[in-house]
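J.: Predicted coordinates and the sequence they were generated for:
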Amino acid sequence: MKIPIIRKGEYDIWSMRMRQYICHTDHNLWDVIVNGDLKEEPVPTGETSAPPAPKTAKQLAARRNQERVKSILLLAIPDEYLLKFHNVADAKSLCEAIKISWSLDKAYDRFQKLISQLEVHGALISKEDINQKFLRSLPSSWNQIALIMRNKPDIDEIDIDDL
């Protein structure tokens with residue numbers, strides 16, 4: 001079977017295909033995404049080293065599964081987006097990051113379509129108003145970034161594509 005590659009605007013279909021692919025490969029791999037990271041001793045606060053090496057056969061198998069799923073997910077991402085995701089720690093977090101990123105792209109595309117339709121009907125909307133409305137429409141996980149961007153002094157001059 002060929003790994004399904006995610007394409008713009010096709011997250012829902014891709015996620016169904018990816019689940020089937022992963023389950024077909026090894027059903028235990030899907031559990032890695034559902035249940036999250038390995039249950040190992042946490043790395044002490046302030047340290048940036050890798051997690052401790054697995055001590056048991058079960059931990060070793062779990063680590064291998066984690067790496068396999070993460071590799072499969074990274075192979076399913078087009079090259080232009082790969083740098084966004086390569087530092088994500090575990091497969092479950094990677095899966096969530098992909099979902100958030102593609103939902104943001106989808107929201108942006110819908111927003112652009114609405115703005116274009118308003119402009120076709122003669123509505124004049126300032127760049128500041130467009131930017132503020134878009135920032136308010138972002139998912140709650142983007143609240144901190146949206147707050148910072150909303151308070152930028154040049155928000156009224158930034159084009160939405162640059163935002």
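T.: That came through, no problem.
J.: CA only for contacts and neighbour counts going forward, please
T.: OK.
J.: Give me the pLDDT value at Pro44.
T.: As predicted, Pro44 sits at a pLDDT of 50.
J.: domain parsing for this protein?
T.: The record's domain parsing of the chain by automatic domain parsing lists 11-101, 103-150.
J.: Include mean neighbour count when you put these into TSV, please.
T.: Output for the domains of the chain, formatted as TSV (neighbours: other Cα atoms under 10 Å):
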stretch	mean neighbour count
domain 11-101	15
domain 103-150	14
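J.: which one of these lies closest to Leu163?
T.: For Leu163, the closest of the domains of the chain is domain 103-150, at 7.4 Å, according to Cα to Cα.
J.: Packing partners of the lengthiest helix in the chain?
T.: In the chain, assigned by DSSP state H, the helix with the most residues is helix 91-120. Under the contact criterion of 3 or more Cα pairs under 8 Å, 6 or more residues apart in numbering; DSSP states H and E, helix 91-120 touches helix 11-25, helix 27-35, helix 57-75, helix 79-85, helix 127-137.
J.: Looking at the ones you listed, spot the one closest to Tyr108.
T.: The closest of these to Tyr108 is helix 127-137. By Cα to Cα, the value is 7.9 Å.
J.: Tell me which residue lies farthest from the centre of the protein.
T.: Most distant from the centre of the chain: Gly122, at 35.5 Å, with distances by Cα atoms, centre = their mean.
J.: Which pLDDT does the model give that residue?
T.: Gly122 carries a pLDDT value of 90.
J.: and the angle from the longest helix of the chain to helix 11-25?
T.: Helix 91-120 runs at 160 degrees relative to helix 11-25, counting by axes from the mean of the first three to the mean of the last three Cα atoms, to 10 degrees.
J.: Redo the helices and strands packed on helix 91-120 as CSV? Include mean pLDDT.
T.: What follows is those, written out as CSV (pLDDT from 0 to 100):
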stretch, mean pLDDT
helix 11-25, 91
helix 27-35, 87
helix 57-75, 90
helix 79-85, 86
helix 127-137, 86
